[in-house]
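Asker: Here you go, sequence then predicted model.
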Amino acid sequence: MRRDDARLVDMLLSARAVMEYTKDVTIEMFLNQRIIQSAVTRELEIMGVLIERYEDVMQLSYDLETDVLYLSIGTPRRAISREMGDDVLLRIDPETGAIIGLTVFNFSTRSSLDSLPLHIDLRESV
């Protein structure tokens with residue numbers, strides 16, 4: 001797996017962890033439970049480090065209304081979407097074959113990280 005691909009997966013794992021830690025948690029609960037605050041803060045720090053390594057070329061956004069997580073590397077551009085299963089699309093640059101993003105549908109409904117198809121071979125084809 002290329003280093004950039006691994007970072008992309010790590011970003012997704014951290015985003016998913018934050019969603020798990022805050023599921024059904026009110027703001028009052030969050031403010032009064034140090035363990036949740038610490039867990040969320042740690043995942044956000046991890047995401048921050050990974051984003052910094054991309055020098056402002058990675059974008060992560062979550063659309064609450066449609067329950068879709070978008071992760072893009074670089075400026076949005078034309079891509080080929082490869083369905084990875086379970087409502088996850090890998091976005092690939094058609095000219096270079098590089099991974100340029102990831103789209104996860106129904107993000108908040110995932111009960112665990114095991115439901116994400118993260119055990120995929122991202123090595124470049126020869």
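Answerer: Sure, I can see it. These numbers come from a predicted model, not from an experiment.
Asker: low-confidence ranges in this structure?
Answerer: 1-5, 51-57, 110-126 (pLDDT under 70).
Asker: go with 80
Answerer: By pLDDT under 80, the low-scoring segments of the chain are 1-8, 48-60, 73-76, 84-86, 98-99, 108-126.
Asker: Spell out the residue ranges of the helices in it.
Answerer: 3-22, 27-32, 34-53 (DSSP state H).
Asker: what's the angle between the last one and helix 3-22?
Answerer: Angular relation of helix 34-53 and helix 3-22 on a 0 to 180 degree scale: 160 degrees, by axes from the mean of the first three to the mean of the last three CA atoms, to 10 degrees.
Asker: From the chain's centroid, how far away is helix 34-53?
Answerer: Between the centre of helix 34-53 and the centre of its host chain there is 13 Å, according to CA atoms, centre = their mean, to the nearest Å.
Asker: show me the contacts for Cys80.
Answerer: You called it Cys, but residue 80 is Ile. Contacts for Ile80 (CB atoms under 8 Å, 6 or more residues apart in numbering) come out as 91-94. To be clear about C-beta, it is placed using only N, CA and C from the backbone, and glycine gets the same treatment.
Asker: What is the nearest of the residues you listed to Val18?
Answerer: Closest approach between the contacts of Ile80 and Val18, by CB to CB: Arg91, at 21.9 Å.
Asker: for that closest one, which residues make a bridge with it?
Answerer: When bridges are taken as DSSP bridges, the partners of Arg91 come out as Ser81, Gly101.
Asker: wait, isn't it in contact with Arg78?
Answerer: No - in this structure, Arg91 is not within contact of Arg78 by CB atoms under 8 Å, at 9.6 Å.
Asker: Of the contacts of Ile80, just say which sits nearest to Arg34.
Answerer: Distance ranking of the contacts of Ile80 against Arg34, using CB to CB, places Arg91 first at 37.8 Å.
Asker: how far away is that closest one from Leu12?
Answerer: Distance of Arg91 to Leu12, given as CB to CB, to the nearest Å: 13 Å.
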